[in-house]
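Sequence below, structure please.
(one chain, ligands or ions: 1)
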Amino acid sequence: MWFNKKMSVTQVKFKVVSNPEITKHVRVLTVTSDQDTSFLAGQYYSFKIKDKVNRSYSIASNPGQKEIEFLVEILEGGEGSTFIDHLKSGDEFDALGPLGFFTLENAGALNDENPLLFAATGTGIAPIRSMILHLLKDLNSKREIKLFFGLRFDDQIYYFDEFEKLEKEYSNFHFTPIISKPSDNWKGIVGHCQDCIKKEPVNEFAKVFICGSNTAVQGISSDLMEYGYKKENIFFEKFG
Ligand SMILES: Cc1cc2nc3c(=O)[nH]c(=O)nc-3n(C[C@H](O)[C@H](O)[C@H](O)COP(=O)(O)OP(=O)(O)OC[C@H]3O[C@@H](n4cnc5c(N)ncnc54)[C@H](O)[C@@H]3O)c2cc1C
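Numbers count the residues shown, from 1 in each chain. Model (predicted):
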């Protein structure tokens, strides 16, 4: 079983399966490897872009799935972004991993039944998607799992459909999609993750996982502490 394997940091060669753009400037890079690529949901790999240039990318797929997926925002002029933007099926590249401690295991949140609250902005959804898919699909968890996922524009949406489908499939999973800069076509919630979390009663036992840009993570975590969430129950990964 994937969760019994010993995780060790290894230099791996990934082979690209596909790398489609799923919305403007965002790609889902799917890779395979002949080597052992066991990981914990929430971890990341450091991609070798070129000599002495590495970039970190969180695994967006769950450990129970054979192929590994990454969700990458392509920033114009960025070295890692340009490298990934040009990857095509059959290409190979080196990476180091799995790395990182933004995991349910490290937070002591895997083996109890307490509620879990996830807040993600943009591609910060990657490690959180991995954790949620792991809980629901690999572990068949019945715990209450709430996801607040914020994107800027409603014409650049990704994964909303998938989470809406999961919400229908798993009665313990609740998904709130949020857009901060909507067009006139957007009929859903407008604002930021913390505006929606504020409306929920605080559960003192809930563990909270936040991921996104430095600014977003900082903003969400400080607002949550103001609402009554304890610092020791808040875990985050900042993408920079
Ligand atoms: C633990 C961790 C996990 C992460 N996971 C993910 C993930 O899952 N998905 C994801 O998308 N990101 C993730 N990141 C962020 C990622 O590692 C990179 O920081 C990000 O992709 C930007 O790297 P880059 O090399 O493309 O840009 P950089 O080269 O580092 O440049 C940064 C900025 O400068 C600008 N810039 C650089 N060079 C030029 C130039 N010549 N002209 C104009 N502008 C320029 C770029 O537009 C960019 O905005 C993660 C970060 C960490 C720390």
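
Whichever residue of the chain sits closest to the ligand: neighbour count?
Proximity of the chain to the ligand (CB to the nearest ligand atom) peaks at residue 78, 2.2 Å away. No exception for glycine: its C-beta is placed from N, CA and C like everyone else's. By other CB atoms under 10 Å, 15 other residues sit near residue 78.

What's the separation between it and residue 126?
16 Å (CB to CB, to the nearest Å).

hmm, back to that, quick check: phi and psi at the residue of the chain closest to the ligand.
Backbone torsions for residue 78, taken as degrees, to the nearest 10, come to phi -70, psi 140.

What separation do you get for it and residue 229?
33 Å.

and if you look at residue 222?
According to CB to CB, residue 222 and residue 229 sit 10 Å apart.

what does this protein have sitting close to the ligand?
44, 55-58, 70-73, 75-81, 100, 123, 126, 237, 239-240 (CB under 6 Å from any ligand atom).

hmm, back to that, looking at residue 222 and residue 229 now, which is surrounded by more residues?
residue 229 (20 against 12).

Was I right to think the more buried one contacts residue 210?
No - judged on CB atoms under 8 Å, residue 229 makes no contact with residue 210 at a distance of 10.3 Å.

Now stretch 174-184: buried residues?
174-180, 182 (16 or more other CB atoms under 10 Å).

do stretch 193-209 as well
193-194, 196-197, 203, 206-209.

Filter those down to just the ones in helices.
Among the buried residues of stretch 193-209, DSSP state H puts 193-194, 196-197 in helices.

For those, name the two members farthest from one another.
The span of these, defined through CB to CB, is set by 194 and 196 at 7.4 Å.

Now name the helix or strand holding the residue of the chain most remote from its centre.
What lies farthest from the middle of the chain is residue 184; by CA atoms, centre = their mean that is 28.0 Å. Using DSSP states H and E, residue 184 sits in no helix or strand.

Also residue 31?
Residue-wise, residue 31 maps onto strand 26-32 under DSSP H and E.

could you say what helices and strands that strand packs with?
strand 10-18, strand 68-73, helix 79-85 (3 or more CB pairs under 8 Å, 6 or more residues apart in numbering; DSSP states H and E).

Any stretches of the protein with poor pLDDT?
Across the chain, the ranges flagged by pLDDT under 70 are 1-6.

Can you give the distance of the biggest helix by length in it from its chain's centre?
Criterion DSSP H: the longest helix present in the chain is helix 214-227. Offset of helix 214-227 from its chain centre (CA atoms, centre = their mean, to the nearest Å): 17 Å.

For that helix, buried residues please.
216-217, 219-221, 223-224.

Domains in this structure, by residue range?
Listed by automatic domain parsing, the domain ranges of the chain are 2-99, 116-238.

Would you mind measuring the gap between the ends of the last one?
Counting by CA to CA, to the nearest Å, the length from the leading to the trailing residue of domain 116-238 is 19 Å.

For the residue farthest from the centre of the chain, grab phi and psi.
The phi/psi pair for residue 184 (degrees, to the nearest 10) is phi -70, psi -20.

residue ranges of the strands in this structure, please?
10-18, 21-23, 26-32, 44-50, 53-58, 68-73, 92-99, 116-121, 145-151, 173-179, 189-190, 207-212, 234-238 (DSSP state E).

any chance of those in CSV, with distance to residue 159 too?
Shown next, in CSV, are the strands of the chain (distance: least, CB to CB, whole Å):
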stretch, distance to residue 159
strand 10-18, 16
strand 21-23, 8
strand 26-32, 9
strand 44-50, 18
strand 53-58, 14
strand 68-73, 8
strand 92-99, 21
strand 116-121, 9
strand 145-151, 7
strand 173-179, 9
strand 189-190, 16
strand 207-212, 13
strand 234-238, 17
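
right, and those - which one's nearest residue 137?
strand 173-179 (10.7 Å).
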